[in-house]
Structures are given as structure tokens and as C-alpha cells.
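[1] just the structure for this:
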Amino acid sequence: MNTPPLHITSRKHILRFRFFLLTIFCFSLLGPTRQAHAQQLGWEGETGVFVTPLAYTVTSPEHKFALPVAAYHFLNAGSIIGKYNQISVTSGYSKRVEFGYTRSIHDAGSDATLSPLWTDGFNIFHAKGSLITENAWKQSWMPQVSTGFMLRTQVRNVGGQMQNKDTANADIYLVATKTITQLKPMSLILSGGVQGTNAELLGLGGNASKWGPVGFGAVAFVFQGPAKSAIVLGAEVAQQPRHPDQLPSAVIRTAFVYALRVIPSPKMKLNVDFGVLEGPGTIAPGVDLKAKVCPGGAISYAF
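    Numbers count the residues shown, from 1 in each chain. Modelled structure (predicted):
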């Protein structure tokens with residue numbers, strides 16, 4: 001099968017993204033909005049969307065530590081990569097700092113040739129600190145700006161397995177997030193940032209061949225659902241380093257995620273997520289990881 005030209009593939013992504021935004025814009029007109037609180041933990045345990053971090057941090061009292069937020073994430077990455085379960089615990093301090101730990105647990109795929117490149121799982125340590133708070137200096141346009149890191153250890157996926165050794169990789173990022181509440185009857189959340197990383201697909205693809213900068217971003221609409229619930233519909237984009245470690249001819253494409261978040265009640269510190277990750281498909285001639293459409297889900301609870 002011939003691979004479509006790059007410009008055609010890019011155009012498909014753009015059209016798909018525009019259609020998604022138009023759909024959620026129309027759907028958001030169905031009801032009044034409320035601002036979603038920032039207690040949902042992302043895939044690696046940080047306050048975020050599904051796979052990208054937000055600048056917001058776990059809610060915590062002044063000069064005190066917060067009670068933890070716990071989360072469970074699931075991703076079905078297909079018959080080759082397998083399934084991932086993520087268990088996270090995150091806390092915060094003095095309204096501006098968060099930190100936590102996530103364990104990634106992997107169920108192997110069924111392909112005898114490629115699936116052995118993925119192993120049992122790995123550790124993720126993370127922290128984030130707010131540099132500028134939202135609406136600082138009484139400026140309503142000011143986003144929240146934060147910096148943070150991810151450190152992954154005992155990573156053997158792909159390159160590590162090929163070398164038969166544990167490896168480590170990390171991200172260091174800067175992110176800005178703004179919630180716009182003036183667009184009645186909905187709210188709009190915009191987020192974007194840049195990070196330096198030597199990880200492929202948040203460690204699921206092991207290490208990258210070298211350290212480098214990549215960008216990420218998210219857009220989401222928030223509106224009120226039945227019984228004072230809140231519904232958040234959004235999309236994310238996360239650039240990836242071009243080549244995995246030990247596989248210089250393989251190319252990893254930019255990942256897209258389309259997500260739905262449900263907050264059942266303003267009295268409950270509970271969030272539920274559903275998402276679809278556009279993961280890696282064909283990464284080299286004759287090598288198809290069969291992970292272009294990866295469904296997932298998550299639940300977070302703040303104690």
C-alpha cells in the first residue's frame with residue numbers, strides 16, 4: 001500500500017481538527033457554562049487534560065500541603081503495544097506547587113515479533129510550580145504560567161529492551177493556560193507550551209534518539225450539563241521527537257487526543273474522562289504498530 005503524501009496527511013489532520021472544534025462549539029450552545037475545577041490528573045499524574053499538562057496546580061491551602069488527588073488511567077494501544085494502566089497520587093502545597101508519583105503498568109500485546117519490545121512498566125515522578133497566577137496584577141487577560149518536569153525510570157520500552165537495560169528519560173516544560181469565561185453561554189480553555197524531552201510518546205515508546213524541543217497545546221469548551229454537572233469537550237496536540245532510540249529510520253508522528261470530561265456534581269471532587277489517542281501507525285516501511293486509534297478512560301478523585 002502506498003503511503004499518502006505528507007501534505008495530504010497534514011490536510012486530513014487539519015480538516016479533522018476543524019470539524020471537531022465546530023462540533024463541540026455547536027454542542028456547547030445547549031446549556032449554560034461553569035468553570036471546571038482543576039482536580040483532574042493527566043496521564044502521568046500532573047494536573048492536565050488527557051496527555052498534556054495545564055498550568056494549573058492541585059488546589060491547596062496557603063502555606064499548607066493539600067490532601068492527595070488519586071487517579072486511574074487506562075489506554076488500549078492495540079494488539080502490538082498492548083494495554084496500559086496508570087495509577088497516580090498527587091499533592092500540592094501553598095496554592096502554587098504540585099508533586100506526585102505515577103506507576104505505569106503494562107499488559108503485553110499479542111504480536112510475537114514486536115510486542116516483546118514493551119515490558120512490564122515504569123515509574124514517573126513529577127512536579128510543577130506556578131510562576132505567574134491567572135489574572136495576576138489585576139489583568140484579566142493574564143494566563144497562568146507554570147514550569148514542571150517529568151522523570152521516568154526503569155524504562156525498557158523499545159530501545160531499552162533492544163539493549164537489555166533499564167533507561168531513564170525526562171521532560172522539562174513551560175506551559176501557559178487561560179480560562180475565558182466571557183463567551184456566554186460557554187467557557188473556553190486555551191493551553192499551550194514547549195518542553196525539552198528525550199522521551200517518545202510519554203515514555204510509552206521508550207527513549208528518543210536525542211534530547212530536543214517539542215510543542216504541545218489544548219483547547220476545550222466547558223458547559224453545564226444535567227443536574228449541575230459540567231461537561232468538557234476538548235482536543236490536544238503533542239509533538240514527538242522524530243526518531244526513537246536504536247531505530248534511526250523510524251519516524252514517530254505528532255499525537256492528537258480528543259477527550260470528553262464529565263464532572264458529575266460541583267459538590268463532588270470527582271472527574272471522569274474518555275478519550276481517543278491518535279497514536280503511531282506505520283513508523284517505517286513494513287512496520288505498522290497498529291495504534292492509530294487508541295481508546296482510553298480515566299477517573300480522578302480529590303480527597
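[2] for the rest of this, base every contact and every neighbour count on C-alpha atoms.
    Noted.
[3] so where's the stretch 101-250 of the chain uncertain?
    For the stretch 101-250 of the chain, no stretch is flagged by pLDDT under 70.
[4] show me where it has helices.
    For the stretch 101-250 of the chain, the helices defined by DSSP state H, counting those that start in this stretch cover 159-163.
[5] for the protein, what's the longest strand?
    Of all segments of type strand in the chain, defined using DSSP state E, the longest is strand 207-224.
[6] mind giving me the packing neighbours of it?
    helix 6-28, strand 167-180, strand 187-199, strand 230-238 (3 or more Cα pairs under 8 Å, 6 or more residues apart in numbering; DSSP states H and E).
[7] tell me the angle the last one makes with strand 207-224.
    On the basis of axes from the mean of the first three to the mean of the last three Cα atoms, to 10 degrees, strand 230-238 is oriented at 160 degrees to strand 207-224.
[8] identify the neighbouring strands of the next helix-or-strand element following strand 230-238 in the sheet and state each direction.
    Scanning forward in sequence from strand 230-238 by DSSP states H and E, the next helix or strand is strand 255-263. The strands beside strand 255-263 in its sheet (DSSP bridges) come out as strand 230-238 (antiparallel), strand 270-278 (antiparallel).
[9] reformat the ones you listed as TSV; add distance to residue 151.
    Below are those laid out as TSV (distance: least, Cα to Cα, whole Å):
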stretch	distance to residue 151
strand 230-238	18
strand 270-278	22
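[10] which one, of these, ends up nearest to residue 87?
    Ranking the strands paired with strand 255-263 by distance to residue 87, with Cα to Cα as the measure, places strand 270-278 first at 14.4 Å.
[11] can I get that closest one as PDB, trimmed to CA atoms?
    The C-alpha trace of strand 270-278 is given here as PDB (Å, rounded to 0.1, in the frame of the first residue of the first chain):
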ATOM      1  CA  LEU A 270     -14.600  13.600  41.100                       C
ATOM      2  CA  ASN A 271     -13.900  13.800  37.300                       C
ATOM      3  CA  VAL A 272     -14.300  11.100  34.700                       C
ATOM      4  CA  ASP A 273     -12.500  11.200  31.300                       C
ATOM      5  CA  PHE A 274     -13.000   9.400  28.000                       C
ATOM      6  CA  GLY A 275     -10.600   9.900  25.100                       C
ATOM      7  CA  VAL A 276      -9.200   8.700  21.900                       C
ATOM      8  CA  LEU A 277      -5.500   9.000  21.200                       C
ATOM      9  CA  GLU A 278      -4.200   9.100  17.600                       C
END
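[12] how far is it from where the chain is centred?
    10 Å (Cα atoms, centre = their mean, to the nearest Å).
[13] could you give me the average pLDDT of that strand?
    For strand 270-278, mean pLDDT is 93.
[14] so after it, what's the next helix or strand?
    Downstream of strand 270-278 (by DSSP H and E), the next one is strand 282-284.
[15] which elements pack onto that following strand?
    Going by 3+ Cα pairs under 8 Å, 6+ apart, strand 282-284 lies up against no helix or strand.
[16] tell me the strands beside it, with direction?
    strand 287-288 (antiparallel).
[17] for the following helix or strand past the strand it pairs with, packing partners?
    Next along the chain after strand 287-288, taking DSSP H and E as the criterion, comes strand 294-302. Other elements packing on strand 294-302 under the criterion 3+ Cα pairs under 8 Å, 6+ apart are strand 69-76, strand 270-278.
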